[in-house]
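Visitor: My questions are about this predicted structure, shown below with the sequence.
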4 protein chains.
Amino acid sequence: MSTLGAELTTVGEGVVEIRLPFSSNLTQQNGYLHAGAITAVLDSACGYAALSVAADDKEVLSVEFKVNLLSPAVGEILKARAQVKRAGQTLTVCTADAFAVSGGKEKVVATMLATIMALPMISAK
Amino acid sequence: MSTLGAELTTVGEGVVEIRLPFSSNLTQQNGYLHAGAITAVLDSACGYAALSVAADDKEVLSVEFKVNLLSPAVGEILKARAQVKRAGQTLTVCTADAFAVSGGKEKVVATMLATIMALPMISAK
Amino acid sequence: MSTLGAELTTVGEGVVEIRLPFSSNLTQQNGYLHAGAITAVLDSACGYAALSVAADDKEVLSVEFKVNLLSPAVGEILKARAQVKRAGQTLTVCTADAFAVSGGKEKVVATMLATIMALPMISAK
Amino acid sequence: MSTLGAELTTVGEGVVEIRLPFSSNLTQQNGYLHAGAITAVLDSACGYAALSVAADDKEVLSVEFKVNLLSPAVGEILKARAQVKRAGQTLTVCTADAFAVSGGKEKVVATMLATIMALPMISAK
C-alpha cells in the first residue's frame, strides 16, 4: 500500500474503499495506469473487506483472483470498492470494482472476483 | 516494465521469459513480493508471448487474467515464463508461471491463465 | 438448455434470469446439484444477458468464465441472475449469481464472472 | 460422473485422465458439446487429481475454477487431463486441458485453472 501511495478511505462490515492518486511511475507512456497497479489496489480492497469480517485473531491471505480490464484507466484518482460475497470460516469470496476518477466523474475500469483465506495470526515477538 | 525494473530475457515463438530483481519498494515488510508486482510481471510475460504470435500490424491488450498465488515470493529474482495456449485471429490465450529464485533455486510462486486481444496498431504520427 | 430442462424467465436490457428445477439426474448422491449444471445455467444466463445488448445481426460465444462455488446447491429450483458489467463492440463482460430456492427461500450458491464475444451471425440457408 | 457417462481412465500421483463419449443429450444443435458438460469433466478431473495427493482421511471440494473455451468441441470423445500444480495442506491448485478426439486426432478445446479444498471426510454410518 505504501509503495503505491494508496489509502484506505472507508471500512464498513465487509465493505472497503481504497483510493490511489495516479502517479507518473505507475502509468504507461500513454497515461494509462498499469494492470499491475490496478490489480494491487483491487487485491488490497478485497483483502481488507475479508479482514473486516474475519475473527479478531485471524489474518488474511489472497488465494487467487480474476481481473477483467474493462476500460483504459485514465484520470487523477483510482478508487476500488470491495464487498464480501460470502464469508466462511476459512475462505471468503469478495468482489471489487475499480473506477478511474477524472474531472469528478467515475468510470469503471476493472472488476475482480477473489478468494481470500483466513489464517491464525502469527504473533510477533 | 521500466517502473518495475523488469527485463525481457528470452523470446521464442509464443514463449517469453521476464526477470525482475526484487527491490525493497516492491516487497512487503516480511520481504515477500507484492501480488500486484507478481501480476504485473506475469501479465507482461503473457502479453509479449501473445505479441510474438500476432500479425506484424497488431498490438495486444490484456482482456482478463486469473492468478493463483501458490507460495510466498521470497528471493533475489522473480522469473515469469509465459507460453501461448491458443492463438486466434482476435483472442489469444496464454499461461504463465512465476518463480522466485533464491540462492540459485527456483520455486513456483504463482500461475496465470490470461486472455489477450490483438488489435490493429494505432500508427504514431 | 433443453438438455437441462432450464427456462428463461425474464429478460431486460442486459439482465436475465434462468430457472432450472432440480432433477435427480443433475444431482449427486448427496442431493447437491453438480458444478457442471450450475455452470451451464450461469453461462447461459451470461450469454443471454450479453445477447440482449448485442446488435441484431450478432450472436454470442463464451470466451471464458470463472465460477466460485459458495454453498452446496440443495433445494427445488436453481435460479441464475446475470447482468452486463460492460458491453463492448466485440467483448462483453457479465456477472451472474446462482441461487438455490428451498421452501421459498433463496440462498446464493455460486457466482460467475464471464467474458463473452459477439460475432456476426452465420445465416442459415 | 454417471449422469454424464464419463469414466476415469488413468490415475497417477497428481495426474488424472477422464473420457466422455459425446452423446446427443450433451450436445447442442450444431453438434458442439455444451460448456457445462466440458466444465463438469474438467472439474471432475481436477478433483480426482487433487484427491490423488490428499491424505487418506480427506475428501475434496471445488472452491472455484476458471475455464477458457478454446475451440468448438466436436468429435466422438472428450478427454480431460488434469495435473496438480501445487498441493497444500488445505488448498490444492490444479490445471486441466480438455481435448476433443475426432477420427483419432486430438484437439485442445478448453483449459481450466482450479482451486480445490481438502476436508476431513464425513464418515458414513
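Guide: Arrived safely, thanks for sending.
Visitor: pLDDT weak spots in chain A?
Guide: For chain A, the stretches flagged by pLDDT under 70 are A:1-4, A:24, A:29, A:123-125.
Visitor: one more time with 50, if that's ok
Guide: Residue ranges of chain A with pLDDT under 50: A:124-125.
Visitor: Can you confirm whether stretch A:67-82 lies near chain D?
Guide: No: under the criterion of CB under 8 Å from any CB of the partner chain, stretch A:67-82 makes no contact with chain D; the nearest approach is 11.2 Å. The way it works is simple: take the backbone N, C-alpha and C, and place the C-beta from them, glycine included.
Visitor: can I have that stretch written out in CSV, keeping just the CAs?
Guide: What follows is stretch A:67-82, C-alpha atoms only, in CSV (Å, rounded to 0.1, in the frame of the first residue of the first chain):
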residue,chain,number,x,y,z
VAL,A,67,-9.5,-9.5,-13.1
ASN,A,68,-11.4,-8.2,-16.1
LEU,A,69,-9.9,-5.0,-17.5
LEU,A,70,-12.9,-3.0,-18.8
SER,A,71,-11.6,0.4,-19.9
PRO,A,72,-8.3,2.2,-20.0
ALA,A,73,-7.6,3.7,-16.6
VAL,A,74,-7.0,7.4,-17.2
GLY,A,75,-7.7,10.2,-14.7
GLU,A,76,-6.4,11.6,-11.4
ILE,A,77,-7.5,9.0,-8.9
LEU,A,78,-8.2,5.3,-8.9
LYS,A,79,-10.9,4.1,-6.5
ALA,A,80,-11.5,0.5,-5.6
ARG,A,81,-14.7,-0.7,-3.8
ALA,A,82,-14.8,-4.2,-2.5
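Visitor: Name the residues of that stretch that are buried.
Guide: A:67-70, A:73, A:75, A:78-82 (16 or more other CB atoms under 10 Å in any protein chain shown).
Visitor: Check which helix or strand the nearest residue to A:Leu8 once chain neighbours are set aside maps to.
Guide: The shortest distance from A:Leu8 to any non-neighbouring residue, by CB to CB, 6 or more residues apart in numbering or on different chains, is to A:Ile18 (5.5 Å). If you go by DSSP states H and E, A:Ile18 is part of strand A:15-21.
Visitor: List of residues touching that strand?
Guide: Under the contact criterion CB atoms under 8 Å, 6 or more residues apart in numbering or on different chains, strand A:15-21 has outside partners A:1, A:4-11, A:26, A:37, A:41, A:44-46, A:48-49, A:52, A:76-84.
Visitor: Could you list which of those belong to strands?
Guide: Cross-referencing the contacts of strand A:15-21 against strands under DSSP state E gives A:7-11, A:77-84.
Visitor: Give me the phi and psi angles of the closest residue to A:Asp57 other than its chain neighbours.
Guide: Of all residues not flanking A:Asp57 in the chain, A:Met121 sits nearest, at 5.5 Å (CB to CB, 6+ apart). Per-residue torsions, A:Met121: phi -70, psi 140 (degrees, to the nearest 10).
Visitor: Tell me how many other residues crowd A:Met121.
Guide: 13 (other CB atoms under 10 Å in any protein chain shown).
Visitor: From the contact counts, what lies against the top strand by length along chain A?
Guide: Once chain A is assigned using DSSP E, the strand that runs over the most residues is strand A:105-120. If contacts are counted by 3 or more CB pairs under 8 Å, 6 or more residues apart in numbering or on different chains; DSSP states H and E, strand A:105-120 sits against helix A:35-52, strand A:58-69, strand A:77-87, strand A:91-102, strand C:58-69, strand C:77-87, strand C:91-102, strand C:105-120.
Visitor: Most tightly packed of the ones you listed?
Guide: helix A:35-52 (a mean of 26; mean count of other CB atoms under 10 Å in any protein chain shown).
Visitor: Could you see whether chain B lies near it?
Guide: Yes: Helix A:35-52 is in contact with chain B by CB under 8 Å from any CB, via A:35-37, A:39-41, A:43.
Visitor: just those residues now: which is nearest A:Cys94?
Guide: A:Asp43 (9.6 Å; CB to CB).
Visitor: Quick check: the closest one touching A:Phe65?
Guide: Yes: look at A:Asp43 against A:Phe65 with CB atoms under 8 Å: they come within range, at 6.0 Å.
Visitor: Which residues are in contact with each of the two?
Guide: A:112, A:114, B:35.
Visitor: any chance of the helices and strands packed on strand A:105-120 in CSV, with distance to C:Gly31 too?
Guide: Below are the helices and strands packed on strand A:105-120 laid out as CSV (distance: least, CB to CB, whole Å):
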stretch, distance to C:Gly31
helix A:35-52, 30
strand A:58-69, 28
strand A:77-87, 20
strand A:91-102, 22
strand C:58-69, 15
strand C:77-87, 13
strand C:91-102, 11
strand C:105-120, 13
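Visitor: Just tell me which of these ends up closest to B:Gly31.
Guide: Across the helices and strands packed on strand A:105-120, closest to B:Gly31 is strand A:58-69 (CB to CB), at 15.2 Å.
Visitor: what's the angle between the closest one and helix B:35-52?
Guide: Angle of strand A:58-69 versus helix B:35-52, following axes from the mean of the first three to the mean of the last three CA atoms, to 10 degrees, is 30 degrees.
Visitor: Show me what strand A:58-69 packs onto, helices and strands only.
Guide: Using 3+ CB pairs under 8 Å, 6+ apart, strand A:58-69 sits against helix A:35-52, strand A:105-120, helix B:35-52, strand B:58-69, strand C:105-120, strand D:58-69.
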